[in-house]
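J.: Let me see the structure of the following:
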Amino acid sequence: MEVARRYVVAVGGVAALLLIYLVNPWLVPEGTLRQVVTIAFWALAIVLMVVLFWDSREPDFQTVDIEGPAFARFLFGNQQAGLFWLPVRLFVGFEFLAAGLDKLGNPAWTSGGTALLGFWNNAVAVPASGRPAISFEWWRDFLQLLIDANAASWFSWVVLLGEMAVGLGLLFGCLTGIAAFFGLTLNMAFMLSGSASINPVLFTCGIGLILAWRVAGYYGVDRYLLPMLGTPWQRRPPASPSTSGNVNT
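T.: All right, here's what the predicted structure looks like:
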């Protein structure tokens, strides 16, 4: 890991250059080259996140280089701020739960996934004129892969059960940060497929709930659950060595 840490800046720089190559409007890669560059970017991004995650476990990572505003520290780290996040949490939770229950009562979602298949087919379609629903080729290829694999029949259950789980997690304040993350993932998937609706609003609220994961569920199950679970991604300080046998007389 020490070797990887030496190259973290280089990895981040190369990933940034690949992204610029992908999204700039003047020099656009085509065909296989675009796929290779896309895969390379995501691979480097994942490596960067893994290295940064492990780096965050080191004691020297706790040093704060840039202090944030006091209100932001309060909003994301004070238990009283849970009162601010409570209505946000309930709003997002009810929206997800209602969406999941609506799909659960719809045979087009529960019997073969025809509703999801129709959504996918509309999303991947490229019109003769005008802009397609999907702006990124890699996402269109991913949905096309799911269509060709006839995955709609089981993936529709993943969507509706996922929405219900996110909704219940947020309503009860149980693992709020994790629930918000998966909700944000669903919102992003719909937006990438060209569906806006209420997804941008839920996405924005989800970012806030993730950042405030320590306090957003304080007025809920997390108030008791998080202290029991602790924070497994944070390294505990080593126990001080016993000096009982080294007392000078």
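J.: and the protein, what are its domains?
T.: 1-57, 71-234 (automatic domain parsing).
J.: With respect to burial, which of these scores highest?
T.: domain 71-234 (a mean of 17; mean count of other C-beta atoms under 10 Å). All C-beta atoms are positioned from the backbone trio N, CA, C, and that covers glycine.
J.: tell me which element the residue nearest the centre of the chain is part of?
T.: Centroid-nearest residue in the chain, with C-alpha atoms, centre = their mean: Phe181, separated by 4.2 Å. Under the criterion of DSSP states H and E, Phe181 resides in helix 176-192.
J.: Point out the other elements, helices or strands, that that helix touches.
T.: Packing contacts for helix 176-192, counted by 3 or more C-beta pairs under 8 Å, 6 or more residues apart in numbering; DSSP states H and E, involve helix 82-104, helix 152-172, helix 199-211.
J.: coming back round to it: with mean pLDDT as extra columns, can I get the domains of the chain in TSV?
T.: As requested, the domains of the chain are exported to TSV (pLDDT from 0 to 100):
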stretch	mean pLDDT
domain 1-57	83
domain 71-234	92
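J.: Now do the same contact list for Gly12.
T.: Residues in contact with Gly12, defined by C-beta atoms under 8 Å, 6 or more residues apart in numbering, are Leu48.
J.: so how far is Val50 from it?
T.: 12 Å (C-beta to C-beta, to the nearest Å).
J.: likewise Pro200?
T.: 29 Å.
J.: Kindly report the same for Phe182.
T.: 20 Å.
J.: Can you tell me the SS state at Ala128?
T.: Here Ala128 is coil, with the state taken from DSSP: H, G, I helix; E, B strand; the rest coil.
J.: That one and Ser135, how far apart?
T.: When Ala128 is compared with Ser135 (using C-beta to C-beta), they lie 17 Å apart.
J.: Do I have it right that Ile207 meets Gly183?
T.: No. Contact criterion C-beta atoms under 8 Å: Ile207 and Gly183 do not qualify, at 10.5 Å.
J.: Which strands or helices does the biggest helix by length in the chain pack on?
T.: The residue-count maximum for a helix in the chain (DSSP state H) belongs to helix 31-55. Judged by 3+ C-beta pairs under 8 Å, 6+ apart, helix 31-55 is in contact with helix 2-6, helix 8-23, helix 137-148.
J.: chain center to the last one: distance?
T.: Just to be clear, that refers to helix 137-148. Centroid separation for helix 137-148 versus its chain: 20 Å, with C-alpha atoms, centre = their mean, to the nearest Å.
J.: who touches it?
T.: Against helix 137-148 from outside (C-beta under 8 Å, 6+ apart): 34-35, 38, 117, 120-121, 123-124, 132, 134, 152, 155, 192-193.
J.: repeat that with 6 Å
T.: Thr38, Trp120, Ala123, Val124, Ile134, Leu192 (C-beta atoms under 6 Å, 6 or more residues apart in numbering).
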